[in-house]
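Participant: Could you work out the structure for the sequence below:
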Amino acid sequence: MTRQTPSDRHASILDAALRMSRLHGYQNVTRADIAGAAKCSEALVSSYFGTMPQVRRAVMRHAIKLRDLQILAQGLAAKDSHAMKAPEDLRLAAVKSLVA
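Facilitator: From the prediction side, this is the model:
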(Lines give C-alpha, C1' and ligand atoms only; values in the text may rest on other atoms or scores of the structure.)
Protein backbone atom coordinates (compact mmCIF):
# COMPACT_ATOMS: atom_id res chain seq x y z
CA MET A 1 0.00 0.00 0.00
CA THR A 2 1.39 3.41 -0.92
CA ARG A 3 1.47 6.27 1.51
CA GLN A 4 -1.18 8.95 1.00
CA THR A 5 -0.30 12.60 0.66
CA PRO A 6 -1.34 14.74 3.63
CA SER A 7 -4.17 16.32 1.65
CA ASP A 8 -5.45 12.91 0.50
CA ARG A 9 -5.22 11.57 4.05
CA HIS A 10 -7.09 14.63 5.37
CA ALA A 11 -9.84 14.07 2.79
CA SER A 12 -10.10 10.35 3.55
CA ILE A 13 -10.41 11.00 7.29
CA LEU A 14 -13.05 13.67 6.66
CA ASP A 15 -15.02 11.32 4.39
CA ALA A 16 -14.80 8.61 7.08
CA ALA A 17 -16.03 11.12 9.69
CA LEU A 18 -19.02 11.96 7.52
CA ARG A 19 -19.86 8.27 6.99
CA MET A 20 -19.58 7.53 10.68
CA SER A 21 -21.69 10.58 11.52
CA ARG A 22 -24.44 9.21 9.28
CA LEU A 23 -24.14 5.82 10.93
CA HIS A 24 -23.80 6.80 14.60
CA GLY A 25 -25.28 10.30 14.60
CA TYR A 26 -23.53 13.61 14.24
CA GLN A 27 -23.39 14.25 18.01
CA ASN A 28 -22.49 10.65 18.90
CA VAL A 29 -19.61 9.89 16.56
CA THR A 30 -16.30 9.26 18.31
CA ARG A 31 -12.70 9.66 17.34
CA ALA A 32 -12.38 5.86 17.56
CA ASP A 33 -15.28 5.43 15.08
CA ILE A 34 -13.61 7.78 12.64
CA ALA A 35 -10.14 6.27 13.04
CA GLY A 36 -11.51 2.76 12.49
CA ALA A 37 -13.35 3.79 9.33
CA ALA A 38 -10.34 5.73 8.02
CA LYS A 39 -7.93 2.91 8.95
CA CYS A 40 -5.70 5.24 10.92
CA SER A 41 -4.92 5.98 14.55
CA GLU A 42 -7.03 8.17 16.78
CA ALA A 43 -3.92 10.33 17.20
CA LEU A 44 -3.87 11.00 13.46
CA VAL A 45 -7.52 12.10 13.55
CA SER A 46 -6.57 14.48 16.37
CA SER A 47 -3.52 15.66 14.49
CA TYR A 48 -5.57 16.65 11.46
CA PHE A 49 -8.73 17.91 13.15
CA GLY A 50 -8.01 18.62 16.82
CA THR A 51 -10.73 18.26 19.42
CA MET A 52 -14.09 16.59 18.84
CA PRO A 53 -15.85 19.98 18.59
CA GLN A 54 -13.35 20.84 15.83
CA VAL A 55 -14.02 17.47 14.16
CA ARG A 56 -17.77 18.15 14.26
CA ARG A 57 -17.24 21.62 12.80
CA ALA A 58 -15.24 20.14 9.90
CA VAL A 59 -17.89 17.44 9.38
CA MET A 60 -20.69 20.02 9.31
CA ARG A 61 -18.83 22.23 6.85
CA HIS A 62 -18.20 19.20 4.66
CA ALA A 63 -21.85 18.13 4.93
CA ILE A 64 -23.00 21.59 3.89
CA LYS A 65 -20.59 21.60 0.95
CA LEU A 66 -21.88 18.17 -0.15
CA ARG A 67 -25.51 19.10 0.59
CA ASP A 68 -25.82 16.15 2.99
CA LEU A 69 -29.33 16.75 4.32
CA GLN A 70 -29.16 14.01 6.95
CA ILE A 71 -26.15 15.48 8.72
CA LEU A 72 -27.38 19.04 8.28
CA ALA A 73 -30.75 18.13 9.83
CA GLN A 74 -28.97 16.61 12.82
CA GLY A 75 -26.88 19.75 13.16
CA LEU A 76 -29.97 21.95 13.01
CA ALA A 77 -31.66 19.85 15.68
CA ALA A 78 -28.56 20.25 17.87
CA LYS A 79 -28.51 24.01 17.12
CA ASP A 80 -25.01 23.67 15.71
CA SER A 81 -23.79 27.17 14.83
CA HIS A 82 -22.41 26.10 11.46
CA ALA A 83 -25.60 24.27 10.52
CA MET A 84 -27.61 27.37 11.44
CA LYS A 85 -25.43 29.41 9.02
CA ALA A 86 -26.05 27.09 6.06
CA PRO A 87 -27.88 28.63 3.11
CA GLU A 88 -31.59 28.97 3.84
CA ASP A 89 -32.68 26.74 0.95
CA LEU A 90 -30.41 23.98 2.21
CA ARG A 91 -31.68 24.32 5.79
CA LEU A 92 -35.27 24.11 4.54
CA ALA A 93 -34.49 21.05 2.42
CA ALA A 94 -32.88 19.37 5.45
CA VAL A 95 -35.97 20.00 7.58
CA LYS A 96 -38.28 18.80 4.80
CA SER A 97 -36.21 15.64 4.44
CA LEU A 98 -37.19 14.72 8.00
CA VAL A 99 -40.89 14.96 7.19
CA ALA A 100 -40.75 13.09 3.88
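
Participant: Flag every buried residue along the lengthiest helix in the chain.
Facilitator: With secondary structure taken from DSSP state H, the chain has its longest helix at helix 6-24. Of the residues in helix 6-24, 9-10, 13-14, 16-18, 20-22 count as buried by neighbour count, 16 or more other C-beta atoms under 10 Å. Glycine gets a C-beta too; all of them are placed from N, C-alpha and C.

Participant: Out of the residues you listed, which is nearest to residue 66?
Facilitator: residue 18 (7.5 Å; C-beta to C-beta).

Participant: so who does the closest one touch?
Facilitator: 59, 62-63, 66, 68, 71 (C-beta atoms under 8 Å, 6 or more residues apart in numbering).

Participant: Kindly recompute the last result at 6 Å.
Facilitator: Residue 18 makes contacts with 59, 62, as judged by C-beta atoms under 6 Å, 6 or more residues apart in numbering.

Participant: go on, residue 35?
Facilitator: Contacts of residue 35 (C-beta under 6 Å, 6+ apart): 41-42, 45.

Participant: excluding its backbone neighbours, what's nearest it?
Facilitator: Counting by C-beta to C-beta, 6 or more residues apart in numbering, residue 35 lies nearest to residue 42, which is 4.5 Å off, once chain neighbours are set aside.

Participant: Before I go, just wanted to say thanks for your time.
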